[in-house]
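sharing a sequence plus its predicted fold:
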Amino acid sequence: MKTQHTKHAKLTKPQLGHFGRNEWAIIGTPCGNIQKIAHKVIEILSKDFKVSYVDADHQSADAEKTQGKKEDAAMDAGASLVYTDKITHHRIDFNNEKFDTYQYRSLFHEQDIVLVNGNHFKAQKQIVVIDARKKDSLERKLDRLTNVDLILLEGENDSIFPFLQTQIPNIADIPILQSINTAAIANFLLQKVNTNQPPLYGLVLAGGKSQRMGRDKGLIDYHGKAQREYVGDMLQAFCEEVFISCRPDQVSNIDTQHQILQDSLLGLGPFGAILSAFQHNPNAAWLVVACDLPLLDADTLQYLVDNRNPSKTATAFHNPATNFPEPLITIWESKSYLTLLQFLAQAYSCPRKVLINSDIALLQVPDVAALENVNRPEEYEEVKKLL
């Protein structure tokens with residue numbers, strides 16, 4: 001019996017659409033109206049979320065050239081990329097012949113919500129506008145209606161087109177709003193995004209070689225059991241699943257009730273362990289905790305989880321001892337996966353450097369002692385006295 005030869009590693013794919021995790025194409029009404037709806041919704045949601053908009057420029061290339069913009073002049077001269085600091089915002093022009101889903105996802109990976117002009121682009125989910133002006137156009141684009149989440153009524157329209165009832169089997173269950181009620185539309189999207197937040201998984205970092213301590217720090221008994229087990233047990237109260245991160249050569253010697261997750265990127269320390277976790281499940285947020293924090297307690301973890309901000313790359317504590325974010329008691333959101341890989345591609349493997357240079361939620365720790373790590377025998381003796 002022949003076995004099928006697999007050329008590529010079987011990896012878990014992130015749950016993304018054409019642009020990002022939460023995207024909606026608005027379709028069925030003129031482009032100007034789509035822009036108006038999108039802009040008003042963005043104005044409401046952008047206070048708490050990163051919201052982006054995808055559209056096509058209706059102005060012709062010839063008309064743009066007559067304006068003499070310096071970005072276009074550089075492009076005409078053959079530049080492949082032009083970056084312009086517009087003071088209030090930034091502009092990047094690409095001269096790629098091909099721009100597809102892979103490039104879009106890279107650009108939009110930090111966005112919480114992507115609104116799309118469905119007259120020009122497809123998206124994973126759709127918002128259909130019932131507008132008599134675009135009835136024929138909408139009927140020609142039925143193949144784009146793959147996952148309709150919301151129906152909007154424009155103007156005097158109060159009935160659903162018959163062809164939509166045929167195209168969308170569950171149309172009776174889809175909410176209907178007036179297109180002018182942008183507050184209700186924004187609230188609908190808000191509920192959808194909150195429902196679709198990545199679940200929280202726990203990762204206990206126990207793969208270090210403990211060279212300074214002279215023995216495995218994960219096995220030290222501070223609280224009546226091995227420290228890695230103690231931390232794993234604490235994480236169970238906050239996480240859907242908990243994993244003990246370790247090196248491949250440790251697996252046979254680990255006795256744990258928790259799941260074991262081997263480092264797949266060796267030689268990168270905690271950075272490699274975090275990336276290995278995302279490789280295992282890129283659709284989760286990971287609460288990462290080092291095993292050498294004997295004073296860490298459930299109250300500190302509760303405070304971190306309660307103040308989690310999924311719109312940020314990560315939620316971390318400020319460590320007064322270093323005056324930097326503490327990367328090893330941190331919630332790394334699923335969107336941080338690509339960010340971590342981008343830093344690695346530039347030869348940076350320090351999780352703290354990623355936090356310092358990313359958009360994160362930085363908290364003041366309720367009890368600074370919880371951040372004290374124990375790496376040496378003399379530090380161990382001091383902590384044992386405290387405990």
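Perfect, thanks for sending it.

what's in contact with the longest strand belonging to the chain?
In terms of residue count, the longest strand belonging to the chain (DSSP state E) is strand 324-332. Residues from elsewhere that reach strand 324-332 (CB atoms under 8 Å, 6 or more residues apart in numbering): 200, 205, 270, 274, 278, 285-290, 293, 296, 300-301, 304-305, 308, 313-319, 340, 350-352, 354-356, 360, 362, 365, 370-371, 373. All C-beta spots, glycine's among them, are computed from the backbone N, C-alpha and C.

which of those count as buried?
Among the contacts of strand 324-332, those classed as buried by 16 or more other CB atoms under 10 Å are 200, 205, 270, 274, 278, 285-290, 293, 296, 300-301, 304-305, 308, 313-317, 319, 340, 351-352, 354-355, 360, 362, 365, 370-371, 373.

quick test: name the residue nearest the centre of the protein.
When CA atoms, centre = their mean is applied to the chain, the residue found nearest the centroid is Lys335 (2.3 Å).

any stretches of the protein with poor pLDDT?
Scanning the chain for pLDDT under 70 picks out 1-7, 58-71, 209-211, 214.

what ranges do the helices span in it?
Remark: helices of the chain, listed N- to C-terminal, are 31-45, 61-67, 70-76, 101-108, 135-140, 162-167, 182-195, 227-236, 269-280, 298-306, 336-345, 351-356, 377-386; assignment by DSSP state H.

between these, which one is closest to Lys217.
helix 227-236 (6.7 Å; CB to CB).

what residues sit buried inside the closest one?
For helix 227-236, burial by neighbour count (16+ other CB under 10 Å) applies to Gln227, Arg228, Glu229, Tyr230, Val231, Gly232, Asp233, Met234, Leu235.

the residues you listed into CSV, with extra columns for distance to Glu110?
What follows is these, written out as CSV (distance: CB to CB, whole Å):
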residue, distance to Glu110
Gln227, 34
Arg228, 32
Glu229, 35
Tyr230, 34
Val231, 29
Gly232, 30
Asp233, 33
Met234, 30
Leu235, 26
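
let me know the closest of those residues to Ala77.
Leu235 (55.5 Å).

pretty sure the closest one sits against Gly202.
Yes - using CB atoms under 8 Å, Leu235 is in contact with Gly202, at 3.3 Å.

all strands for the stretch 151-300 of the chain, in order.
Assigned by DSSP state E, counting those that start in this stretch, the strands in the stretch 151-300 of the chain fall at 176-178, 200-205, 241-246, 259-262, 285-290.

repeat that for the stretch 1-150 of the chain.
All strands of the stretch 1-150 of the chain, identified by DSSP E, counting those that start in this stretch, fall at 23-27, 51-54, 81-85, 90-94, 113-117, 125-130, 148-153.

so Cys31 makes contact with Gly118?
No - contact between Cys31 and Gly118 fails when scored by CB under 8 Å: they sit 9.8 Å apart.

as CSV, the strands of the stretch 151-300 of the chain with distance to His8 would be great.
Below are the strands of the stretch 151-300 of the chain laid out as CSV (distance: least, CB to CB, whole Å):
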stretch, distance to His8
strand 176-178, 44
strand 200-205, 25
strand 241-246, 24
strand 259-262, 20
strand 285-290, 24
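
what sits against the closest residue to Ser52 other than its chain neighbours?
Using CB to CB, 6 or more residues apart in numbering and skipping the chain neighbours, the partner closest in space to Ser52 is Gln111 (4.6 Å). With contacts defined as CB under 8 Å, 6+ apart, the neighbours of Gln111 are Phe19, Gly20, Lys50, Val51, Ser52.

how much space separates Gln111 from Gln165?
Distance from Gln111 to Gln165, counting by CB to CB, to the nearest Å: 33 Å.

what of Leu344?
50 Å.

looking at those two, which is more packed in?
Neighbours were counted for Leu344 and for Gln165 using other CB atoms under 10 Å; Leu344 has more, 16 against 11.

report how many residues lie close to Glu381.
10.

which residues are in contact with stretch 202-219?
220, 226-228, 231-232, 235-236, 238-239, 241-247, 250, 254, 258, 261, 263, 269-270, 273-274, 277, 286-292, 328, 374-377, 380.

let's see 7 Å
Stretch 202-219 has contacts (CB atoms under 7 Å, 6 or more residues apart in numbering) with 226-228, 231-232, 235, 238-239, 242-247, 250, 261, 263, 270, 273, 277, 286-292, 328, 375-377.

follow-up on the earlier one: quick one, phi/psi of the residue nearest to the centre of the chain?
phi -70, psi -20 (degrees, to the nearest 10).

list the contacts for it?
Lys335 makes contacts with His109, Glu110, Thr313, as judged by CB under 7 Å, 6+ apart.

what's the separation between it and Gln364?
Lys335 sits at a distance of 24 Å from Gln364 (criterion: CB to CB).

how about Asn170?
Counting by CB to CB, the gap from Asn170 to Gln364 is 47 Å.

more crowded one of those two?
Neighbours were counted for Asn170 and for Gln364 using other CB under 10 Å; Gln364 has more, 10 against 7.

how far away is the more buried one from Tyr303?
10 Å.

and the strands of the stretch 1-150 of the chain as TSV, adding distance to His39 and mean neighbour count?
Shown next, in TSV, are these (distance: least, CB to CB, whole Å; neighbours: other CB atoms under 10 Å):
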stretch	distance to His39	mean neighbour count
strand 23-27	11	27
strand 51-54	8	20
strand 81-85	22	12
strand 90-94	18	12
strand 113-117	9	24
strand 125-130	14	24
strand 148-153	15	20
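
so which of those strands gets nearest His8?
strand 23-27 (26.6 Å).
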